[in-house]
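Visitor: Pasting a predicted model and its sequence here:
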Amino acid sequence: MSKHNFFKVQGGNFPSEDQVLDTKTFYRNAVEIYKRFDDWKDIDKFYFIPLYMEMTYACSGWVAEIARDPVWLGTFVRNTIKHRDLFTYKCPECGKTVLPYRYCGSPLSGRVDLEGYCECGWKGYEEVSGWRVRATALRDEVNKDKFRHFKFRLFHPKSAGTVAELLSFLELWSIGDSNP
């Protein structure tokens with residue numbers, strides 16, 4: 001079974017290796033990207049970076065998704081910030097608020113795992129209940145951005161930027177460096 005079987009089940013395209021790498025780069029740099037959201041949230045080239053997080057649950061061929069891939073970087077970050085009560089949790093080490101880089105879980109049990117890094121260096125996840133309310137919140141935010149995305153694609157037919165370009169823009173990483 002392919003690790004990207006979800007895309008096949010949904011009739012979608014497999015993400016390219018570059019798209020998977022871009023998503024992993026977001027995972028590694030999520031704390032800094034969240035911190036600087038106000039610096040890049042109005043730049044569509046960065047806002048509409050596609051992330052392939054496979055936020056799904058599959059059981060016997062039936063697939064339920066928190067949101068369809070790709071989820072745009074800006075939508076994901078804005079959703080987390082806007083719905084802090086649903087998508088953040090306290091670090092078990094230092095007590096600071098953790099802004100997760102991924103959500104996944106099960107609609108059958110109602111469980112959602114919010115995976116993230118804390119500024120103190122702790123990495124892990126928090127298991128919470130309420131799969132449906134979290135899925136609805138994220139889907140609503142994606143739907144709100146569809147018209148903005150349509151305008152972006154209409155006036156900028158080239159693809160969106162990359163997470164590495166965003167990090168370079170934020171002066172957190174130089175394009176010539178390896179592995180952001």
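Guide: Structure received. Numbers count the residues shown, from 1 in each chain.

Visitor: pLDDT weak spots in this structure?
Guide: For the chain, the stretches flagged by pLDDT under 70 are 1-13, 57-62, 173-180.

Visitor: Helices of that one, residue ranges please.
Guide: For the chain, helices defined by DSSP state H occupy the ranges 5-9, 17-35, 37-40, 44-47, 73-82, 84-87, 131-144, 146-155, 163-169.

Visitor: Generate a markdown table for these, with distance to C94 as supplementary columns.
Guide: Yep, even glycine has a C-beta here, placed from its N, CA and C like the rest. Shown next, in a markdown table, are the helices of the chain (distance: least, Cβ to Cβ, whole Å):
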| stretch | distance to C94 |
| --- | --- |
| helix 5-9 | 35 |
| helix 17-35 | 13 |
| helix 37-40 | 21 |
| helix 44-47 | 29 |
| helix 73-82 | 19 |
| helix 84-87 | 17 |
| helix 131-144 | 24 |
| helix 146-155 | 36 |
| helix 163-169 | 25 |
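
Visitor: Which one of those lies nearest to G121?
Guide: G121 lies closest to helix 17-35 among the helices of the chain, at 10.0 Å (Cβ to Cβ).

Visitor: what packs against the closest one?
Guide: Contact partners of helix 17-35 among helices and strands, from 3 or more Cβ pairs under 8 Å, 6 or more residues apart in numbering; DSSP states H and E: strand 50-51, helix 73-82, strand 111-117, helix 163-169.

Visitor: Using JSON lines, please lay out these together with distance to D42.
Guide: Formatted as JSON lines, the helices and strands packed on helix 17-35 follow (distance: least, Cβ to Cβ, whole Å):
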{"stretch": "strand 50-51", "distance to D42": "18"}
{"stretch": "helix 73-82", "distance to D42": "9"}
{"stretch": "strand 111-117", "distance to D42": "25"}
{"stretch": "helix 163-169", "distance to D42": "12"}
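
Visitor: To G105, which of those lies closest?
Guide: Closest among the helices and strands packed on helix 17-35, using Cβ to Cβ: strand 111-117, at 3.6 Å.

Visitor: Quick check: buried residues in the closest one?
Guide: V112, L114, E115, G116, Y117 (16 or more other Cβ atoms under 10 Å).
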